[in-house]
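Undergrad: Sequence and predicted model, in that order:
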Amino acid sequence: MLFSLKIVPTMNCSGYFCTGASMLPSSSVKLTIENLYSPQSAVSNSIGFQTLKAPYTTVSGDVLNSDYTLTGTMNIFLNNVFMRIPGGFIVPLTEFNGAHDGLISAHGNGVNISYGLQFP
């Protein structure tokens, strides 16, 4: 794994207390990764929103009694991303091979992953 990006429950609550209701608003992330070369990942690469496992206790003591996946939108654009696969071949990461060779998967609703191969 080259890097990890994770959306976690908010800690920017009014005062010092976060309630269960403060975790319900959605968030938005737009990220472009360009001109990257990496060996093939040996572990899965999930892009998306964290699922809070029940029972989840907030800072204020509220308890979420069922699993809850944080919500929002993620627009991830992987442009000119290349990886070295077994055998030493260097291939672009595309929609066709992202899940199989890149081990990339989306977690949660509203996660959009797109791939590009553009010459400068």
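TA: The structure has been received and is ready for your questions.
Undergrad: C-alpha only now, for contacts and for neighbours.
TA: Fine.
Undergrad: Mind telling me what element the residue positioned nearest the centre of the chain is part of?
TA: A centroid search over the chain (CA atoms, centre = their mean) returns Ile47, at 2.4 Å, as the residue closest to the centre. Applying DSSP states H and E as the criterion places Ile47 in strand 45-48.
Undergrad: Quick one: list the elements packing against that strand.
TA: With contacts taken as 3 or more CA pairs under 8 Å, 6 or more residues apart in numbering; DSSP states H and E, strand 45-48 sits against strand 104-107.
Undergrad: Paired strands for the strand it packs on, with orientation please.
TA: Applying DSSP bridges to the sheet, strand 104-107 is found paired with strand 45-48 (parallel).
Undergrad: Next SSE downstream of the strand it pairs with?
TA: Past strand 45-48, the next helix or strand by DSSP H and E is strand 51-52.
Undergrad: From the chain's centre, how far out is the helix or strand that comes right after that next one? Work that out for me.
TA: Following strand 51-52 in sequence order, the next helix or strand is strand 56-57 (DSSP H and E). Its chain's average C-alpha position is 22 Å from that of strand 56-57, according to CA atoms, centre = their mean, to the nearest Å.
Undergrad: who are the neighbours of strand 56-57, in terms of helices and strands?
TA: strand 63-64.
Undergrad: what's in contact with stretch 31-43?
TA: 1-2, 74-86, 101-103 (CA atoms under 8 Å, 6 or more residues apart in numbering).
Undergrad: could you give the mean pLDDT of stretch 99-118?
TA: Averaging pLDDT along stretch 99-118 yields 90.
Undergrad: Check the gap between Tyr68 and Ile47 for me.
TA: Noted for Tyr68: a distance of 17 Å to Ile47, by CA to CA, to the nearest Å.
Undergrad: Dump stretch 60-73 to PDB, restricted to CA.
TA: Provided in PDB are the C-alpha atoms of stretch 60-73 (Å, rounded to 0.1, in the frame of the first residue of the first chain):
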ATOM      1  CA  SER A  60     -20.700  12.600  24.700                       C
ATOM      2  CA  GLY A  61     -21.700   9.100  25.600                       C
ATOM      3  CA  ASP A  62     -24.300   8.600  23.000                       C
ATOM      4  CA  VAL A  63     -24.400   5.000  21.800                       C
ATOM      5  CA  LEU A  64     -25.100   3.900  18.200                       C
ATOM      6  CA  ASN A  65     -26.700   0.500  18.500                       C
ATOM      7  CA  SER A  66     -26.300  -0.500  14.900                       C
ATOM      8  CA  ASP A  67     -23.500  -0.300  12.400                       C
ATOM      9  CA  TYR A  68     -23.400   3.100  10.700                       C
ATOM     10  CA  THR A  69     -21.400   3.900   7.500                       C
ATOM     11  CA  LEU A  70     -20.400   7.600   7.300                       C
ATOM     12  CA  THR A  71     -22.000   9.300   4.300                       C
ATOM     13  CA  GLY A  72     -21.100  11.900   1.700                       C
ATOM     14  CA  THR A  73     -19.400  12.000  -1.700                       C
END
